Structure formats: structure tokens, C-alpha cells
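S.K.: sequence unknown, structure follows:
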């Protein structure tokens with residue numbers, strides 16, 4: 001009887017030690033995955049700091065040659081956007097391409113040999129999958145400190161229907177809905193990964209469910225961004241709303257044609273603030289208002305009134321023009337139809 005008891009307790013002890021070793025190995029693997037992802041994360045610092053606008057965001061490297069993916073944000077509306085790498089290096093970046101529909105922006109910094117994600121190796125996951133969210137929410141890092149890591153679960157995968165203020169979110173396709181409080185100030189452009197570090201999605205902006213008025217924590221599947229981001233990196237991307245090459249280029253569309261009266265253009269880089277909106281115009285019907293600041297025309301970043309005018313020259317009657325404006329602490333996208341000739 002004593003011998004059997006000793007054998008029983010010996011078996012229990014062996015099982016306990018085995019489980020402890022297993023947990024230790026899993027923890028080590030998780031730490032390794034987190035450290036690997038952290039090397040691919042960047043902190044972004046640019047416009048903001050006034051009227052409650054945060055001047056920081058998150059991004060991640062998508063090429064060894066310094067291409068960074070993030071979300072469209074007011075933070076990018078700056079003459080200088082600083083990108084801080086995991087080792088603390090601070091390098092100026094410039095926007096090289098955007099896609100309003102995907103809420104995607106790609107920046108370029110002058111650096112080589114950087115650890116990066118391959119968007120074409122991103123994975124799709126199912127509800128119930130345990131995930132990690134990496135972001136510089138609340139500006140927890142400004143130098144070589146690691147960004148925040150949160151553990152969560154994919155609660156669902158569904159078409160995103162959300163708003164910021166009165167306006168619908170620019171991204172309207174399938175998204176991962178998360179059981180974790182991930183979408184905070186500065187978190188947009190962070191990444192969602194599996195526990196072993198495989199890229200799953202990109203954390204979005206702060207949005208609310210229009211029915212319940214509750215905040216939504218979500219990520220855009222990285223697989224939906226791969227082709228567009230790759231085209232931007234290669235310099236081959238053309239916005240979806242550009243007309244065919246055999247059509248006449250431009251028709252002299254101006255802000256006034258859309259019903260927008262901008263502030264006087266008195267210096268070389270006068271910001272494109274709306275001074276007034278013509279009653280009954282496309283701009284008025286879209287909900288644009290005085291003091292809105294135009295930051296994107298279609299997928300082009302516009303830093304001045306002259307840049308807005310140049311971008312509008314590429315449109316013609318009947319085209320849809322998407323304007324993204326900064327309003328208070330919101331980034332709002334609206335679509336206007338260029339009116340026919342003779343009605344402008």
C-alpha cells in the first residue's frame with residue numbers, strides 16, 4: 001500500500017513539474033514573439049497638441065527600406081512627421097501614399113536593413129482567437145521604450161458600421177471586433193498579431209457604434225491592405241477615383257465650384273481652412289462647415305490652399321471628390337459630386 005502511495009504521489013509530482021515546464025516554455029515563446037514584434041513598431045509624432053488633438057500615433061514597418069504603414073490621421077498634417085524606431089532613433093518621415101477607403105497611409109523614412117512585416121504573409125483568424133495588440137496609446141513611449149502590449153480575443157468579424165461625431169467612418173468593410181480596450185488616443189496604426197507574432201490586422205481610430213453609442217475596438221484585416229500598400233511602396237498606386245488615362249486631364253474645378261470659400265491665400269503655405277460654405281452647394285449638402293481644415297483631397301495629402309486647388313484640377317464634372325477635413329479633434333471624410341458644366 002505504501003509503495004502504491006509513493007508511486008501515485010511520484011506521478012502527480014512528475015505531472016506538476018511537466019506542466020510547470022510547459023508553462024515556462026509558453027511564457028518564453030510569448031516573450032520572444034513580443035520582442036520580435038516590438039522591433040517592427042514605430043512611434044509617430046506630428047501635428048496636434050491643440051484643442052485636445054493628440055500629436056502622436058503608431059505605425060509599423062512594412063519594408064526593410066523604411067516604409068511605414070499607419071492610419072490616415074491629423075498627426076500626418078505637418079511639415080515634419082517624426083518616426084521613432086524601437087531603438088530610439090528619430091527619423092523624419094514623409095507621406096508617400098494614402099487610400100481614404102482603407103484608412104491607410106504609407107510613410108517613408110531614410111533607413112535600410114530594418115526589421116519589417118510582410119503584409120502578404122498576414123493571416124486571417126476566426127472569432128475566439130487570442131491576440132496581442134501593440135500600440136503607442138496615450139504616448140506611453142517617446143524614445144526607445146517599447147509600445148504597449150494588450151492581450152485580447154477576437155469577438156467577431158463583421159462589416160464595420162461606425163461613426164465619429166455626425167460622420168461615418170471612412171473604412172466600411174469587414175473588420176475584427178475585439179474583446180479588449182485597444183482603440184485609444186494614439187493607438188491607430190498599431191498592429192494586431194497572433195500570440196506567436198503573426199500579423200493579423202491594423203488597429204483603427206476611435207469610433208462609436210451609431211446604434212448604441214458605445215466605443216468600438218476594432219482592427220482592419222492586414223490582408224485587405226497588402227495589395228494597396230505594396231503598390232504605394234513600389235510607386236504604382238493610383239487612387240480608385242482617378243479617371244482613365246485616355247480622358248481629358250482636368251477641367252479647372254475650383255473650391256468655389258463645390259461651394260467652398262477658403263480663407264485668403266496670403267502666404268506660401270496658407271492652411272486650407274474653410275471660411276464659408278455656399279448654401280445649397282455640394283459642400284453644404286455634404287455637411288462641410290466654416291473652420292473645417294481640408295487635409296486630404298481624395299488620397300492626396302494637401303498642406304495648403306494651393307495644394308487643394310492643384311488636387312481639384314484633376315477632377316471633372318460628374319466625378320466624386322472625397323475631402324477629409326479636420327474638425328476639432330475629429331478627422332471627417334465626405335464625398336462631393338462635381339457639378340456639371342454650366343451649373344457651377
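M.R.: Nice, thanks for sending it over. Everything quoted here is computed from the prediction, not taken from an experiment. Numbers count the residues shown, from 1 in each chain.

S.K.: now the helices for the protein?
M.R.: Counting by DSSP state H, one finds helices in the chain at the ranges 2-38, 226-234, 282-286, 305-312.

S.K.: could you tell me the least trusted of those helices?
M.R.: With a mean of 64, helix 2-38 has the lowest mean pLDDT of these.

S.K.: so who does residue 285 touch?
M.R.: residue 336 (C-beta atoms under 8 Å, 6 or more residues apart in numbering). Any C-beta I mention is one placed from the backbone N, CA and C, and that applies to glycine too.

S.K.: ok, it to residue 133 distance?
M.R.: Distance of residue 285 to residue 133, computed by C-beta to C-beta, to the nearest Å: 38 Å.

S.K.: which one's the longest strand in the chain?
M.R.: strand 148-159 (DSSP state E).

S.K.: which parts of that one are buried?
M.R.: Neighbour-count burial for strand 148-159, counted by 16 or more other C-beta atoms under 10 Å, picks out 148, 149, 150, 152, 154, 155, 157.

S.K.: now those residues in a markdown table, with distance to residue 297 and pLDDT?
M.R.: Converted to a markdown table, the buried residues of strand 148-159 look like this (distance: C-beta to C-beta, whole Å; pLDDT from 0 to 100):
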| residue | distance to residue 297 | pLDDT |
| --- | --- | --- |
| 148 | 34 | 96 |
| 149 | 37 | 97 |
| 150 | 35 | 97 |
| 152 | 36 | 96 |
| 154 | 35 | 97 |
| 155 | 36 | 95 |
| 157 | 32 | 93 |
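
S.K.: among those residues, which one sits closest to residue 107?
M.R.: residue 148 (20.8 Å; C-beta to C-beta).

S.K.: is it true that residue 205 touches residue 331?
M.R.: Yes - if you go by C-beta atoms under 8 Å, residue 205 and residue 331 touch, sitting 7.3 Å apart.

S.K.: these two: who's more crowded?
M.R.: residue 331 (28 against 23; other C-beta atoms under 10 Å).

S.K.: pLDDT weak spots in this protein?
M.R.: 1-25, 49-52, 162-168, 210-211, 239-252, 341-344 (pLDDT under 70).

S.K.: would you list every one of the strands in the stretch 201-344 of the chain?
M.R.: Under the criterion DSSP state E, counting those that start in this stretch, strands of the stretch 201-344 of the chain are mapped to 207-208, 215-216, 218-221, 260-262, 274-277, 293-297, 300-301, 320-327, 330-337.

S.K.: quick one: closest of these to residue 234.
M.R.: Of all the strands of the stretch 201-344 of the chain, strand 300-301 sits nearest to residue 234, with 18.0 Å by C-beta to C-beta.

S.K.: nearest approach to residue 237 belongs to which of the strands of the stretch 201-344 of the chain?
M.R.: Between the strands of the stretch 201-344 of the chain, strand 300-301 lies closest to residue 237; by C-beta to C-beta that is 11.5 Å.

S.K.: appreciated, that's everything.
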